[in-house]
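**Student:** Here is my input; please provide its structure:
(chains A and B)
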Amino acid sequence: MKTPRTVMVGALVIGVVAGFALRGAVRPGVDVGDLRNLVLSETQRLGDQLDQLERGQRAAGVAQQLARADRAEAPSASPSSSVAVAAAPPPGAADDETSALDESAVAAHAERGRAVIAAALTTGTWTETQRTALRDEMVSLPPDEVRKLMREVIVAANEGKLRPEEGRGPMF
Amino acid sequence: MTTMKRLILSSLGALGLLAAAGGAAHAGFKYASLPVYVYSTSASGGLGYARNQTGDTNQFIGCEVYVIGSPASQTVYCWAQSATRQYASCSTTNPAFISAVESMTDYSYLSFGFDTTGKCTVVATDNESGNTPMVP
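**Tutor:** From the prediction side, this is the model:
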């Protein structure tokens, strides 16, 4: 007798709750498209948050590795300095670090390329060796830097300061 | 008999003239000379003509489409050298110029213009029957 009553009350409560829930989910006048958009935007937002978290964790991982390297090199380093290094930089900091490295590599390639041109200008001849050496640097340079180097050679050739060695046509 | 011989000879002569005339018409128009010229802001010349010059290894003209750099991008580079070793060159990343260069053949007549920075200002490729084709 007690059990059926509990069941009855339970069913009643579940029915009422389910009814309200259904009414809330599918209200008259609420477009299904709106609900889908809402779900999509929420999913997108959550995805973005996850990305940010992942980036932060990656940056923190890099920072921790740096901290470990610091500790290995300087065992007497104070704990506070380790903590400071291990602090997770804001999202995007790792990308900045990478681009800074790239910039220095680009600068090095561009510098070596300019050195090849400068050496050629002292003799006034553009040799096959110099052509190859410049190409080797250009492959690692962004397009605007490639164009700068090419233009240096082109202008020098057009002004008669540089000439391809006998029997050679293109300068690159 | 003599008259017959004359008639036959005349006919053969007429046929010969017709054949010669037909042959000349079949040959079509040809430019007599397409040498490489280099001026202060432009250069031009026939690819086939420049290549076919015997006893003159100075003349050359052409363009290259480079795909180079990181990330790789297309750059066109054109160059020319005259018989007197006057040299000119230019480069561009303009897609229209790149298309023009890609349309070149071994009988093209190429001309290009350039500014003081070495940038191509004009690239013209003329592919026509009158141009000299390359002889290997």
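**Student:** Could you check which helix or strand contains the residue in chain A that chain B sits nearest to?
**Tutor:** In chain A, the residue that lies nearest chain B is A:I154 (3.3 Å; CB to the nearest CB). All C-beta atoms are positioned from the backbone trio N, CA, C, and that covers glycine. According to DSSP states H and E, A:I154 maps onto helix A:143-158.
**Student:** What residues sit buried inside that helix?
**Tutor:** Under the neighbour-count criterion of 16 or more other CB atoms under 10 Å in any protein chain shown, helix A:143-158 has A:143, A:145-147, A:149-150, A:152-158 buried.
**Student:** With just CA atoms, put stretch A:114-127 into CSV.
**Tutor:** Output in CSV follows, covering the C-alpha atoms of stretch A:114-127 (Å, rounded to 0.1, in the frame of the first residue of the first chain):
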residue,chain,number,x,y,z
ARG,A,114,73.2,40.8,-48.9
ALA,A,115,76.8,39.6,-48.2
VAL,A,116,76.7,37.5,-51.3
ILE,A,117,75.6,40.5,-53.4
ALA,A,118,78.1,42.8,-51.7
ALA,A,119,80.9,40.4,-52.5
ALA,A,120,79.8,40.2,-56.2
LEU,A,121,79.7,43.9,-56.4
THR,A,122,83.4,44.2,-55.5
THR,A,123,84.3,42.1,-58.6
GLY,A,124,81.4,43.3,-60.8
THR,A,125,80.7,39.7,-61.9
TRP,A,126,77.8,37.5,-60.9
THR,A,127,79.0,34.0,-60.8
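**Student:** Quick check: what element follows the worst-scoring helix or strand of chain B on mean pLDDT along the chain?
**Tutor:** Lowest on mean pLDDT, DSSP states H and E among the helices and strands of chain B sits helix B:2-27, with a mean of 58. The first helix or strand that comes after helix B:2-27 along the chain, using DSSP H and E, is strand B:37-38.
**Student:** avg pLDDT for the very next helix or strand once past that next one?
**Tutor:** Once the chain leaves strand B:37-38, the next helix or strand it forms, by DSSP H and E, is strand B:42-46. Strand B:42-46 shows a mean pLDDT of 98.
**Student:** Just give me how far strand B:42-46 sits from the chain centre.
**Tutor:** Mean C-alpha position of strand B:42-46 versus that of the full chain (CA atoms, centre = their mean, to the nearest Å) differs by 9 Å.
**Student:** From what I see, the residue of chain A closest to chain B and B:G118 are in contact.
**Tutor:** Yes: assessed by CB atoms under 8 Å, A:I154 is found in contact with B:G118 at 3.3 Å.
**Student:** Now do the shared contacts for those two.
**Tutor:** Both A:I154 and B:G118 are contacted by B:89-91, under the criterion CB atoms under 8 Å, 6 or more residues apart in numbering or on different chains.
**Student:** mind listing what A:P164 touches?
**Tutor:** A:125-126, A:157, A:170-171, B:81, B:87.
**Student:** Any regions of chain B where pLDDT drops low?
**Tutor:** B:1-26 (pLDDT under 70).
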